[in-house]
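K.L.:
3D model of this:
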Amino acid sequence: MLLAVWSLSAFLLEIPSGAWADLLDRRRVLVASGVVYVAAFATWMLWPGFWGFLLGFVLWSCSDALHSGTWEAYLFEQLSARRRSGHYARVKARAESVALVLMAVAVAAAAPLHQVGGYPLVGAVSVGVAVLHVGVTLLLPPPVCGAPGPPGSPAPAHETSPRAVDPAPDADPAHRTPHGWVSTLREGVAQARSAGPVRRVLLGYAAVVTLVGFDEYFPLLLADDGSSVGRVAVVMAGIVLLEAVGTALSDRVARLTGGPHAALVLLAGALLALGAAGSGWLGAGSLGLGYALASSLYVAGDARLQHAIGQTSRARSTVTSVAGVAGELGFLVTLATVGVLTLRLELTPVVAGAALVLAVPAALAARRMPPGATADPAADDGTRG
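P.N.:
Numbers count the residues shown, from 1 in each chain. Predicted coordinates for the structure are as follows:
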């Protein structure tokens, strides 16, 4: 029930919040996301009942919706304004990798914290870290001058224009209205639907998420193989570390197109299938490698999307939020496929077969996706001779 409400809230809020992020100062939207995240953890601590947990999940999904699309658009436009948009894939890859390592540290710290002070201490530390996140967000650079404004606003000044060195004005209040929000929403959805490169990325993005979604079944597969609880924990920690490595290399994956890109998707599916059907450390290692590849392809998909959207789009956050919804749909495809088939079959052959089958459309979609980075990121920042 709680997870269903969380998922439904994310679907309902994802794209609308992206449209607001195209109208407002994206840094402020990110701060608001952090504040709502703090409120979610605080609600769980102060109201530890069903309705408290329900409200906390809604706040959590709201925070995710505000962050999703906003952060990617903010980062891309900050780099683009400095003539370094070709570095987006590398910067995003490193950021995602560091986040995974910190998440692993947090998971490892949870057990000793619980032994010392129980759930109240774990909750208090969680709230403290969320507050720290808000503080770091407040230190982000302000919006850059020259970034595209909301739909209907004047085009940004050319970099050689005197107007380009003036302080960036706040968005026109006339755009921060329900009508302006609807216009932004329409423009973003229209670009996602009609722009060929963007549409191809969205299809490939959703398709590869069907492979990423198998991680929900890793503990069950390991348990079916006879692994103890301790061994499952060790294997899952190793998978997270492999995921961090794969994510760190996603900027290189983002440069692949055509056959090589499709082959990598098929390899990810094959490794996941081998890991699900295998046993022992070989099976666990195959699961980890397959998931690392799938995660790398997933993060690279965002880089492809940001470059496909183009430098002058005024609805970047909205389009990126559409990708978030597409990813959620891909995840639901995995859950539905495994859920229906396991009504009659065992989990292990279902996951192995589904990984192979779902990898085929994902590879076909990957073959048509545009690149997400230039071969030489220095090419767009004027550093080449």
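K.L.:
any weak-confidence spans in the stretch 251-385 of the chain?
P.N.:
373-385 (pLDDT under 70).
K.L.:
so what does the longest helix seen in the chain touch, helix or strand wise?
P.N.:
Longest helix of the chain, by residue count under DSSP state H: helix 88-138. Contact analysis of helix 88-138 by 3 or more Cβ pairs under 8 Å, 6 or more residues apart in numbering; DSSP states H and E lists helix 26-46, helix 70-81, helix 229-248, helix 250-253, helix 280-309 as its packing neighbours. Placement of C-beta: from N, CA and C, glycine included.
K.L.:
need the mean per-residue confidence for it.
P.N.:
In this model, helix 88-138 has a mean pLDDT of 91.
K.L.:
next helix or strand past it?
P.N.:
Once the chain leaves helix 88-138, the next helix or strand it forms, by DSSP states H and E, is helix 178-194.
K.L.:
angle of that following helix against helix 280-309?
P.N.:
120 degrees (axes from the mean of the first three to the mean of the last three Cα atoms, to 10 degrees).
K.L.:
ok now helix 178-194, how far from the chain's centre?
P.N.:
On the basis of Cα atoms, centre = their mean, to the nearest Å, helix 178-194 is displaced by 21 Å from the centre of the chain it belongs to.
K.L.:
how about residues contacting that helix?
P.N.:
By Cβ atoms under 8 Å, 6 or more residues apart in numbering, the surrounding residues in contact with helix 178-194 are 15-16, 18-20, 22-23, 150-152, 174-175, 198-199, 202, 309, 313-315, 317-319, 321-323.
K.L.:
tell me what the helix or strand following it is packed against?
P.N.:
Proceeding N to C from helix 178-194, the next assigned helix or strand is helix 196-212, under DSSP H and E. Judged by 3+ Cβ pairs under 8 Å, 6+ apart, helix 196-212 is in contact with helix 178-194, helix 258-277, helix 280-309, helix 316-341, helix 347-367.
K.L.:
now helix 196-212: buried residues?
P.N.:
Within helix 196-212, the residues scored as buried using 16 or more other Cβ atoms under 10 Å are 197-198, 200-212.
K.L.:
quick one: mean pLDDT over that helix.
P.N.:
pLDDT averaged over helix 196-212 gives 92.
K.L.:
just the angle between that helix and helix 280-309, please?
P.N.:
Using the same axes, to 10 degrees: helix 196-212 against helix 280-309 is 160 degrees.
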